[in-house]
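# Take this sequence and fold it.
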Amino acid sequence: MKIVLLSGGCGVGKKTVGESLSQKVGFPLIHNHMTTNIARALHKRDSEEFRVLLFELRKTIIISSLNSGLSGLVMTHASHQFIGNDYFNWLKFLCEENNITLKVVNLLCTESERSRRFLSKERELHGKPCESQIFNKIQQEWGPPMIIKYDNCFSVNVEELSPDQVAETIFYQL
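Prediction:
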């Protein structure tokens, strides 16, 4: 099994790129909001209980996918300092332990472009937050997005590419 992890800050386009890539590779998309919304409904976002539940939810999804014979998953990850290294190290270990190939793609763009995207009406149509106060709070509390460094990893600057072009770029590097 293979996991393609799309990592980037809020507003970079992880879900939109993930949807396009998911269609190209034929893997289901597990967007980070699917699990964070559950964990956030039960626990404060920066609590240890939140982290534990988030990791357990994602582990259950990955192991269930592996056991059901899926050939892969496209997953997204908000790569802020808040959860970044802990989550990535945990995921890397889980993949190694279960013979899962992990391919990490850092999605990059400037903070001003992420802010513009974060405030777009399109985000609102997807049921995602799109208020400047929330974006500013995330930037202040979580810090800048992390770039994951890993042997099986590459970065794509998404600023001047459409989501389909980004997905195509990723597809050819898988």
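# Could you look up the SS state of residue 53?
Look at residue 53: counting by DSSP: H, G, I helix; E, B strand; the rest coil, its state is helix.
# Which residue, other than its chain neighbours, is closest to it?
residue 39 (4.5 Å; C-beta to C-beta, 6 or more residues apart in numbering). C-beta: built from backbone N, CA, C; applies to glycine.
# mind listing what that neighbour touches?
45, 50, 53, 54, 57 (C-beta atoms under 8 Å, 6 or more residues apart in numbering).
# Remind me which helix or strand it belongs to.
Assessed by DSSP states H and E, residue 39 sits inside helix 32-42.
# Just the CA trace of that helix, in PDB.
Taking C-alpha atoms only, helix 32-42 is exported to PDB below (Å, rounded to 0.1, in the frame of the first residue of the first chain):
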ATOM      1  CA  ASN A  32      -7.300  16.300   7.500                       C
ATOM      2  CA  HIS A  33     -10.500  18.000   8.400                       C
ATOM      3  CA  MET A  34     -12.300  14.600   8.400                       C
ATOM      4  CA  THR A  35     -10.400  13.600  11.600                       C
ATOM      5  CA  THR A  36      -9.700  17.000  13.100                       C
ATOM      6  CA  ASN A  37     -13.400  17.900  13.200                       C
ATOM      7  CA  ILE A  38     -14.100  14.800  15.200                       C
ATOM      8  CA  ALA A  39     -11.300  15.300  17.600                       C
ATOM      9  CA  ARG A  40     -12.100  19.000  18.000                       C
ATOM     10  CA  ALA A  41     -15.700  18.200  18.800                       C
ATOM     11  CA  LEU A  42     -14.500  16.300  21.800                       C
END
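# what about the strands in the protein?
Here the chain has its strands, by DSSP state E, at 2-8, 29-30, 72-78, 101-108, 153-157.
# What strands flank the first one, and is each parallel or antiparallel?
The reference is to strand 2-8. Strand 2-8 sits in its sheet next to strand 72-78 (parallel), strand 101-108 (parallel), going by DSSP bridges.
# One more: the last one?
Counting by DSSP bridges, the strands paired with strand 153-157 are strand 101-108 (parallel).
# low-confidence ranges in the chain?
Along the chain, segments meeting pLDDT under 70 span 80-85, 115, 117-144.
# before we move on, back to that, could you identify which of the strands paired with strand 2-8 is most buried?
strand 72-78 (a mean of 24; mean count of other C-beta atoms under 10 Å).
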